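Q: Provided below for reference: sequence and predicted model.
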Amino acid sequence: MNHPILQRAYEILEGTTNDKITKSFQIFIISLIAINVIIVIIETEESVLDEYGYLFTPFEVFSIIIFTIEYATRIIVCKFNPKYQNTKFARIRFLFTPMMLVDLAAILPFFLPFVVTDTRIIRVIRLLRLFRLFKLARYSDPMQTLGEVFKSKVGDLAVAFFILFIVLIFASSLMYYAEHEAQPEAFSSIPKSMWWGIVTLTTIGYGDVYPITVTGKLIAAGVAVIGIAVYAIPTGIMASAFTEELRKKRQSAKHCPHCGKEIG
């Protein structure tokens, strides 16, 4: 595949080079994403929207043009990526990669209101523009590291959250039977009791729902103690995995990516 212009576009988009044009492009896209997210947030202030709303629409159109061109160009040049060279249905497979789905979610909210007419749905769709924030993952090493950590520990995290789910059901069920008669409104069912279970296991404890019977208080004390231990499992997994990933990156930075010899 020998297309110098497309090859250059791939290098700029993927940041495989470290020249001024690539850096300028990355700074431009990062700034554009940041401004878009800020606008989505301040649009919820009616006074700001009434006074400066006329500026937001042109900027939204400009942003969508840039993001759409970027999205389309990535599809065109994806075969320059060694992973997709000589691969059947390369572009289709590329379209369903996580970051391409994020890119699609970033531009869809602009086009969907032309199809959907329900104003309530349109409000939700417009809020989905916050997905543009995840586009920063392409240009942020810490976010890429976090993504790699999640990917490497997805199995361990699934087990940890499954344990949390089991404890939540067990705790909520016990509390329902202990408090239902004393507080039929707060603990009207096991699903309703799960709100208490969630805020207790996560040690937040809002205090809007709490036990008043002796049995309920004993159960709550036990669940609170168990919650500290159980909630610490996914935290520990992520902390150790993140530290390990940073250690690997430091070690790889000390070695030549081509020959593997230690640098310096």
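A: On my side now, so go ahead. Numbering: from 1, shown residues only.
Q: tell me which helix or strand of this structure sits lowest on mean pLDDT?
A: Ranking every helix and strand in the chain by mean pLDDT, DSSP states H and E puts helix 119-127 at the bottom, with a mean of 70.
Q: may I see the buried residues of the longest helix seen in the chain?
A: Using DSSP state H to define each element, the chain has its longest helix at helix 214-253. For helix 214-253, burial by neighbour count (16 or more other Cβ atoms under 10 Å) applies to 216, 219-220, 223, 227, 230-231, 233-234, 237-238, 241-242, 245. For glycine as for every other residue, the C-beta is placed from the backbone atoms N, C-alpha and C.
Q: again, but for stretch 192-208
A: Applying a neighbour-count criterion of 16+ other Cβ under 10 Å, one finds Ser193, Met194, Trp196, Gly197, Ile198, Val199, Thr200, Leu201 buried in stretch 192-208.
Q: out of those residues, who's nearest Pro211?
A: Nearest to Pro211 among the buried residues of stretch 192-208: Trp196, at 8.0 Å, using Cβ to Cβ.
Q: circling back to that earlier point, including secondary structure, could the buried residues of stretch 192-208 go into a markdown table?
A: Below are the buried residues of stretch 192-208 laid out as a markdown table (DSSP: H, G, I helix; E, B strand; the rest coil):
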| residue | secondary structure |
| --- | --- |
| Ser193 | helix |
| Met194 | helix |
| Trp196 | helix |
| Gly197 | helix |
| Ile198 | helix |
| Val199 | helix |
| Thr200 | helix |
| Leu201 | helix |
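Q: isn't Val48 right next to Ile41, touching?
A: No - counting by Cβ atoms under 8 Å, Val48 stays clear of Ile41, with 9.9 Å between them.
Q: have a look at those two and say which one is more surrounded.
A: Val48 (14 against 11; other Cβ atoms under 10 Å).
Q: pLDDT score for that one?
A: The model reports Val48 with a pLDDT of 83.
Q: please consider this matter closed, and thank you.
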